Every structure is written in structure tokens, then in C-alpha cells.
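> model this:
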Amino acid sequence: MTLMSKVQPLEFLKETKKQIDAYIFDFLPSGHRHPEVHQFYEMMLDYPLRAGKGLRPAICLLICEAFGGNPRDAFNTAAALELLQNWALIHDDIEDGSDLRRGEPCLHQKHGIPIAINVGDGLHCKMWEMLNRNADLLGYELAFKIASEFSQLSNHVVEGQHIELSWVDSNRWDLTEADYWTMCIKKTASYTCTTPCRVGALIAGASKNEMDLFVDMGMNLGVAFQIQDDVLNLIGEEKVYGKEIGGDISEGKRTLILIHLLNTCSQTEANRVIEIMNQRRAEKHPDEIQEVLDLMKHYGSIQYARQRAQTLAQQAYTQFNQTFSYLPASQAKDIFLHLIHFFIEREY
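Purely as a prediction, here's the structure:
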């Protein structure tokens, strides 16, 4: 696979997703003589078969080529990033009590929580199995370095998830933008931006110092991605976005939008918002969800979040251009820079 033919960014995303999906489907088991195991394998294909963006594999392949590497050498790693995304989403949907994922009922809604947890665990195992393929393709030393990146990434993701879950569990509302930033860096930025960039560069032969240059850029871009996701959850189109609109309010999520609202509205209004948000998902009436949403719009909290996402994405754009100005001009670089804008302009 080469990126040097004239390809538009969104076309590249679609083509990359198609190729990585085919690679994953060829890798994952599709059947077994034991009926229960056969059913388990079918469930493992559920989330991978659903329509997704494929951003993480695309970033890995783009950065690999931008640094002079062969994207084919990054296929195992790119596929592992997509498997990570899928098992993490299964577990995340359970922990958040979500209803929809990519336009369909969440796996735990279809099959129950215990089975869904196990399917997520199964995909987690397959992620490491996919990474083991790098030993034959890239050599044991490089394969070990890539696996180490995934180990660090996994630690960051579960730490970030714990921070967010703990806020809900302990009914914390005294949160600041700095708190939100910390959570997003660990939970979202690490696996959406920073690690895909780092492993792509690593496969192409980048030095540790060069890989570390992606940290600040990845943090800015990853937080921008999460903010846009929070915005779409409130004002997106459900059929396009693929999740229930207003789900973050139903789940009691502490988003930048909510933090801005609580710091901007009156104390009486803040108390009312907290009263609604503290209710269990099943107890929240649609009118109460709309009440919170109306206050967010009234106080410009959604627009504030959008502006913050745009600022962070522009910073990431500038950082990449300045930090890696020594890389030769290539379509891979050009597509990656266009994808930075897609992070905050997307509708899904």
C-alpha cells in the first residue's frame, strides 16, 4: 500500500478502514465445531463489522510513511490499534450504561453484561496475538518496543477511565478544565493520537527523541477529538453520530461543556443541574435532559467547547508543521494535516 497516489483524506480513511478490516477479518476466527465457541467467535466480529472511522490505524500508517517507512510493515500494528478500539468500546459501553454504538444496540444490550465483558476480553487477547506477528515481520527487538508502547497505552487508558468513573461514583462536581484535561490525556489522547503516531514513527525507524515529539501534539489533538465527541453527543444527528443524543447527560458525564456550564450559570441553576445529573440514568426524564441541554445552549457552553477544540486542533497543526519541518514533503504528511481538521469538523 502506498499513499503517494492522489487521494483525498476522507477517501483515504475509507480505503484504509476497508483494508484494515479485511486484514482483521482474515485474522479473527470465524467458526468452531463447538457451538458455544462458534457463537463466541461470531460475537467477537460484531463491533469490528460495524461502521467506524478507522482513524487510529490511518494515523499509524500515515506517520509511518511520512517518516520514510513502508506502510505494509505497520499493518499488524494498525490492526492491533483497531482491535484495541473495539474491545475498549465494549467495556466502555458497559461501564457507561450506553444504549447505542455505531447506530446499533450495544453488545451488552444484545447479549447481557457477562457475555459482553468476555467478548471484550477475547478481542483484547487477539490484540496481543496480532502484535506478536510483528516478531516475524519486524524482528523481536522492534516488536518488543511496539508491544511496550501498547502496554503503556493500556495503563493510561484504564487510569483515565477510572478517573472518569470515580467522578460519577463519588458525585464530584467541583471539577475544573484542568481535571478534564488530565482525564482526556490519559483516556483519549493516548490511544487516539499519541500512540498511533509514536508506533508509526517507530516502525519507520524514528529515534526515541523523535517519538517523544509527538506527546504535546498528541495531547492537544486528542483533547480536541474528545471535546468534539462531547459536542456531537449533544447536538449531533443520531443516525450519523451512531450513539444516542444526550447520552452524556443521561450517564452523568463530566464534560468540558458541563464544567463550563456549572462555572457560568447561577448557583440556583447549578444546583438544579447537579440534582438532575446525580439521578440514575433510568430515573432521568427526557424533559430533565432537555432542561440541562437548554442551559448549556443558553450559557454558550457548547460554543465554548467548540472554540476550545478548534484552538487545540490549530495548535496541533502548527506543532506538527514546525516540529517535523525536516520531513520531506509527501502526500502522507498532507493527508495527516487534513485529518487534523477532520477531528473537529466530523459529524460522527
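> those strands in this structure, which residues are they?
For the chain, the strands defined by DSSP state E occupy 100-101, 104-105.
> Check these for me: which has the lowest mean pLDDT.
Out of those, strand 100-101 stands lowest, with a mean of 89 (criterion: mean pLDDT).
> so which of the strands of the chain gets nearest residue 204?
Closest approach to residue 204 among those is made by strand 100-101 (33.0 Å; Cβ to Cβ). Backbone N, C-alpha and C define where each C-beta goes, glycine included.
> Give the partner strands of that closest one in its sheet and their orientations.
Strand pairing for strand 100-101, using DSSP bridges, gives strand 104-105 (antiparallel).
> Nearest to residue 347, out of the strands of the chain?
Of the strands of the chain, nearest to residue 347 by Cβ to Cβ is strand 100-101, at 15.7 Å.
> Tell me which of the strands of the chain is the most buried.
Burial of the strands of the chain is given as mean neighbour count (mean count of other Cβ atoms under 10 Å); strand 100-101 ranks first at a mean of 20.
> returning to that earlier point: can you list the strands of the chain in TSV and add distance to residue 325?
Below are the strands of the chain laid out as TSV (distance: least, Cβ to Cβ, whole Å):
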stretch	distance to residue 325
strand 100-101	40
strand 104-105	44
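> Which one of these lies nearest to residue 294?
Here strand 100-101 is closest among the strands of the chain (Cβ to Cβ), at 22.8 Å.
> The closest one: how far from the chain's middle?
14 Å (Cα atoms, centre = their mean, to the nearest Å).
> hang on, the earlier thing: between the strands of the chain, which one is closest to residue 113.
Residue 113 lies closest, by Cβ to Cβ, to one member of the strands of the chain: strand 104-105, at 13.2 Å.
> which other residues reach the closest one?
The set of residues external to strand 104-105 that reach it, using Cβ atoms under 8 Å, 6 or more residues apart in numbering, is 50, 99.
> so how far is that strand off the chain centroid?
18 Å.
> do stretch 44-59 as well
Worked out by Cα atoms, centre = their mean, stretch 44-59 lies 11 Å from the chain centre.
> which of the residues in that stretch are buried?
44-48, 52-59 (16 or more other Cβ atoms under 10 Å).
> could I have that stretch exported to PDB, CA atoms only?
Below are the C-alpha coordinates for stretch 44-59, written out as PDB (Å, rounded to 0.1, in the frame of the first residue of the first chain):
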ATOM      1  CA  MET A  44     -16.200 -11.100  18.500                       C
ATOM      2  CA  LEU A  45     -16.900  -9.900  15.000                       C
ATOM      3  CA  ASP A  46     -19.900  -7.700  16.000                       C
ATOM      4  CA  TYR A  47     -18.200  -4.400  16.800                       C
ATOM      5  CA  PRO A  48     -15.500  -4.800  14.100                       C
ATOM      6  CA  LEU A  49     -18.200  -5.300  11.500                       C
ATOM      7  CA  ARG A  50     -19.900  -2.100  12.400                       C
ATOM      8  CA  ALA A  51     -19.100   1.100  10.500                       C
ATOM      9  CA  GLY A  52     -16.400   3.200  12.200                       C
ATOM     10  CA  LYS A  53     -13.900   5.900  11.300                       C
ATOM     11  CA  GLY A  54     -10.600   3.900  11.400                       C
ATOM     12  CA  LEU A  55      -8.700   7.000  12.500                       C
ATOM     13  CA  ARG A  56      -6.200   5.300  14.600                       C
ATOM     14  CA  PRO A  57      -4.900   2.800  12.000                       C
ATOM     15  CA  ALA A  58      -4.900   5.500   9.400                       C
ATOM     16  CA  ILE A  59      -2.700   7.800  11.600                       C
END
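> my guess is residue 133 meets residue 74, correct?
No - counting by Cβ atoms under 8 Å, residue 133 stays clear of residue 74, with 11.8 Å between them.
> what's the spacing between residue 31 and residue 83?
Distance, residue 31 to residue 83, using Cβ to Cβ, to the nearest Å: 19 Å.
> for residue 93, same thing?
Note on residue 93: its distance to residue 83, by Cβ to Cβ, is 16 Å.
> So if I had to pick from the two, which one is more boxed in?
Each of residue 93 and residue 83 has its neighbours counted (other Cβ atoms under 10 Å); residue 83 has more, 27 against 23.
> Now for that one: which residues touch it?
24, 48, 123-124, 126-127, 130.
> again with residue 116
Taking Cβ under 8 Å, 6+ apart, we find residue 116 in contact with 90, 93-94, 106-108, 110.
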